[in-house]
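Trainee: Okay, predicted coordinates and the sequence, questions at the end:
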Amino acid sequence: MSIKSTLFITLLSLAALSCDTIFCCFRDGIKNKEFTNWGEYEHSGQLRLDGAYMRLSEDSLVNGIHILYSDGLIALGLGCSGQTLDESLETYCDIEISREKKHDWGAFIITGNLLLIQHVHRPAPTFQEHPISEIRGTVLNDTTFELIASRGTQDEEWSVWDSPREYSFIEVDNKPDSNCVLIDLLGAPEVQ
């Protein structure tokens, strides 16, 4: 076989391969194809982003905290359940520890009044193989949203929760930045 024939067959074989396997991997070898929200959010004022969103129990203790960022990142949950509001805001539920935990971070988009959050949920050998879980909610106004359903992967049916989980806005001066392990793995959302 001549060099021209070998070169032609090699080029033809490479062209038949998808972008994800050859041509795009050099830029982002760890991209997770299920993370479709990553870099898609454009802030247009649906929710205030200069603070945090808290879910409080009947006795005014924190049940959950979500921090939304203008680049579409979200810090989820952040293990502060049972703390007072002041305790939770003092360290943002130990956000510095959470920066290295993939499951504490995700990406969100808002379409109309629909809020869709995607985040790494289950462990896997590599980041590309991590199933991406989704949480669906509704934006009630610019300071309140409620989460109403979830699913383990995009292939699963939505599981509607017995009662919505309402999160209300708390304005703060010391909001932490969004640097986290997902940015290390995927690059900043705005460059995607």
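Mentor: Received the coordinates, thanks. Residues are numbered from 1 along each chain as shown.
Trainee: Could you report the neighbour count for the closest residue to residue 110 other than its chain neighbours?
Mentor: Spatially, and ignoring its direct neighbours in sequence, residue 110 is nearest to residue 46 (4.7 Å; Cβ to Cβ, 6 or more residues apart in numbering). Every C-beta, even on glycine, is put in place using the N, C-alpha and C of the backbone. If you count neighbours by other Cβ atoms under 10 Å, residue 46 ends up with 15.
Trainee: ok, now residue 83?
Mentor: Counted with other Cβ under 10 Å, the burial measure for residue 83 works out to 17 neighbours.
Trainee: That one falls within a helix, correct?
Mentor: No. With DSSP: H, G, I helix; E, B strand; the rest coil as the criterion, residue 83 is assigned coil and is not in a helix.
Trainee: ok, now how distant is the nearest residue to it once chain neighbours are set aside from residue 105?
Mentor: On the basis of Cβ to Cβ, 6+ apart, the spatially nearest residue to residue 83 that is not a chain neighbour turns out to be residue 62, at 5.1 Å. To residue 105, residue 62 is 19 Å away according to Cβ to Cβ, to the nearest Å.
Trainee: same deal with residue 182?
Mentor: Remark: distance between residue 182 and residue 105 (Cβ to Cβ) = 5 Å.
Trainee: Please identify every residue contacting each of the two.
Mentor: A shared contact of residue 182 and residue 105, defined by Cβ atoms under 8 Å, 6 or more residues apart in numbering, is any residue touching both; here these are 73, 120.
Trainee: hang on, the earlier thing: in terms of helices and strands, where is the residue nearest to residue 110?
Mentor: When secondary structure is defined using DSSP states H and E, no element contains residue 46, which sits outside every helix and strand.
Trainee: roughly how far apart are the residue nearest to residue 83 and residue 177?
Mentor: On the measure of Cβ to Cβ, residue 62 and residue 177 end up 21 Å apart.
Trainee: Of these two, which one has the most company?
Mentor: residue 62 (22 against 10).
Trainee: ok, what's across the strand from the more buried one?
Mentor: Residues in a beta bridge with residue 62, per DSSP bridges, are residue 56.
Trainee: going on from the host helix or strand of residue 65, what's the next piece of helix or strand?
Mentor: Assessed by DSSP H and E, residue 65 sits inside strand 62-68. Read in the C-terminal direction, the helix or strand following strand 62-68 is strand 73-75, with elements assigned using DSSP H and E.
Trainee: That following strand: which residues count as buried?
Mentor: Within strand 73-75, the residues scored as buried using 16 or more other Cβ atoms under 10 Å are 73, 74, 75.
Trainee: Longest strand in this structure, please.
Mentor: Across the chain, the longest stretch assigned as strand under DSSP state E is strand 159-171.
Trainee: Residue 89 falls within a strand, correct?
Mentor: No. Using three-state DSSP, the assignment for residue 89 is helix, not a strand.
Trainee: can you pull the contacts of it?
Mentor: Residue 89 makes contact with 52, 170, 172, 174, according to Cβ under 8 Å, 6+ apart.
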